[in-house]
Every structure is written in C-alpha cells, then in structure tokens.
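*Asks:* show me the folded form of this:
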Amino acid sequence: MNLLSTPDISVFVAIVSGLLSFFSPCVLPLIPGFIGIVLGGDKKFQRLIGFFVGFSFMFTLLGAFSSFLGSFLVKFGGIIEKIIGIAIIIFGILYMLEIQLFKGKSLNIWKFKGSGLLGGLILGLAIGFVWIPCSSPVLASILLIAAQKSLLKGMILLFVYSLGISVPFLTIGTLVARILTRGFGTPSWEKWMKFIGGGFIILMGLLVILGKMKV
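*Replies:* Next comes the predicted model:
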C-alpha cells in the first residue's frame with residue numbers, strides 16, 4: 001500500500017502528533033531560549049541546518065528502530081495489533097493525566113551559542129532528547145504505530161513527526177511560547193490541550209484496534 005494512499009492516515013497522525021508534542025507544557029516555556037541559541041549570533045544559517053538535521057535524524061532513527069522491532073512481531077498479526085491499540089489508548093489517558101514516562105534531563109544550551117554546523121547538529125540531537133520525556137505518551141504512541149510499518153515507512157513517519165515539532169518551533173515558536181506562557185500554570189489552554197491531545201491519542205488507539213491503520 002502506498003504510504004500516502006487514502007486508507008493509510010498514518011502521515012496525518014504523525015504530523016498532528018508532532019504538533020501535540022510541540023505544545024507540551026513542560027517544554028513550551030523553554031522555546032524562546034532555544035530559538036535564541038539556534039537563530040542568534042554568527043553562523044546562524046549553518047547552525048539552523050545542523051539543528052534541523054540532528055533533530056530530524058534522532059526521531060527518524062527511533063522510527064527505524066521501532067519498525068525493526070515490530071518486524072519480529074508481524075507473525076502474531078491481529079493479536080499484536082490489539083495490544084498496540086490498547087497501549088496507545090493507555091498513553092492517551094496518561095497524556096490527559098499529564099503523566100510522563102521518563103524524567104527529563106537538564107541541558108545547558110548556552111554553550112552552543114555561536115557554534116556552526118556541528119554545534120547545531122549536536123544541539124538538534126540534544127533538544128530532541130529534552131523533548132522525549134515531555135512528549136513521551138505522544139511519542140510512544142506514534143512509535144507503536146511505526147512498529148506496524150515497514151522500516152522505510154517507520155522512518156518516514158517519525159521524520160514527519162519531527163517536522164510537526166521543528167517547523168512551528170523554528171517559525172512561530174517564540175510568539176506562541178510567549179503568548180501561552182503568559183500567566184503559565186493557569187488551567188485555561190493547558191486543560192483544553194491535554195483533553196484534546198489525549199482524545200486524539202485514544203482515537204489513534206481505536207483506529208489501530210479496528211484495523212484502520214494497517215501497513
């Protein structure tokens with residue numbers, strides 16, 4: 001089946017999942033600082049390219065790894081499909097409850113200020129790792145979907161997922177972060193985001209169980 005054919009909505013799911021990860025409350029306040037490092041000072045273009053390559057590479061690699069592991073489970077067919085669907089639904093509930101699967105690590109991004117292509121590459125990889133704990137239920141869900149795909153499709157899905165994060169991050173990230181973090185901690189947008197995002201993840205799980213997201 002063609003990756004972009006109508007019955008396969010995985011690409012749409014991947015881009016929306018990336019956007020959900022972009023709006024993770026624990027990362028959003030840090031975006032202006034990240035962008036200040038990526039786009040500030042000298043060698044900004046080289047650093048920007050390096051950042052995008054490093055950030056996208058890390059998630060694409062995760063997609064390849066997930067698909068590789070999933071290839072060993074193909075023989076179990078429908079049983080694995082149901083287990084994956086139930087797991088994704090659980091991740092949706094965890095997202096609503098704002099439960100992270102991993103603990104984040106602190107990152108001193110200022111040491112990358114003024115760096116070039118290599119520094120941007122390392123920064124992209126580092127920021128990707130920072131994002132993993134905050135978006136862990138969303139990321140885990142898209143990885144489970146990638147596990148049902150071929151190696152190439154799994155890599156493409158996670159690359160698209162990374163675009164859903166990096167494109168708004170590098171374009172409107174600062175503006176969005178400043179608007180949404182003004183009076184940060186109030187339940188207004190965070191409450192809506194966690195229920196909309198959690199509902200979307202649960203819907204993903206149901207689609208997997210019903211066999212609507214096959215390879």
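
*Asks:* distance of residue 128 relative to residue 97?
*Replies:* Residue 128 is 24 Å from residue 97, where distance means Cβ to Cβ, to the nearest Å. No exception for glycine: its C-beta is placed from N, CA and C like everyone else's.

*Asks:* who has more neighbours out of these two?
*Replies:* Regarding residue 128 and residue 97, a neighbour count based on other Cβ atoms under 10 Å identifies residue 128 as having more, with 21 against 10.

*Asks:* touching, that one and residue 53? I think so.
*Replies:* No. Here residue 128 does not reach residue 53: they are 11.1 Å apart, not a contact under Cβ atoms under 8 Å.

*Asks:* can you give me the helices in the protein?
*Replies:* Under the criterion DSSP state H, helices of the chain are mapped to 10-22, 31-39, 44-70, 78-96, 117-134, 136-146, 151-171, 173-180, 187-209.

*Asks:* so which elements touch the last one?
*Replies:* Same thing as helix 187-209. Here helix 187-209 touches helix 10-22, helix 78-96, helix 136-146, going by 3 or more Cβ pairs under 8 Å, 6 or more residues apart in numbering; DSSP states H and E.

*Asks:* list the helices and strands the longest one packs on?
*Replies:* With contacts defined as 3+ Cβ pairs under 8 Å, 6+ apart, the packing partners of helix 78-96 are helix 136-146, helix 187-209.

*Asks:* if you compare those helices, which one is most tucked away?
*Replies:* Per residue and on average, the most neighbours among those fall to helix 136-146, with a mean of 26 (mean count of other Cβ atoms under 10 Å).

*Asks:* what's in contact with it?
*Replies:* Counting by Cβ atoms under 8 Å, 6 or more residues apart in numbering, helix 136-146 makes contact with 10, 13-14, 17, 20-21, 24, 62-63, 66-67, 70, 84, 87-88, 91-92, 94-95, 99-102, 131-132, 153-154, 157-158, 161, 197, 201, 204-205, 208, 213, all of which sit outside it.

*Asks:* what do you get for stretch 43-58?
*Replies:* Stretch 43-58 has contacts (Cβ under 8 Å, 6+ apart) with 38-39, 112, 114-129, 159, 162-163, 165-166, 170.

*Asks:* give me the buried entries from these.
*Replies:* Neighbour-count burial (16 or more other Cβ atoms under 10 Å) applied to these gives 38, 112, 115-117, 119-128, 159, 162-163, 165-166, 170.

*Asks:* coming back round to it: comparing the helices and strands packed on helix 187-209, which comes out most buried?
*Replies:* A comparison of the helices and strands packed on helix 187-209 by mean neighbour count, using mean count of other Cβ under 10 Å, puts helix 136-146 on top with a mean of 26.
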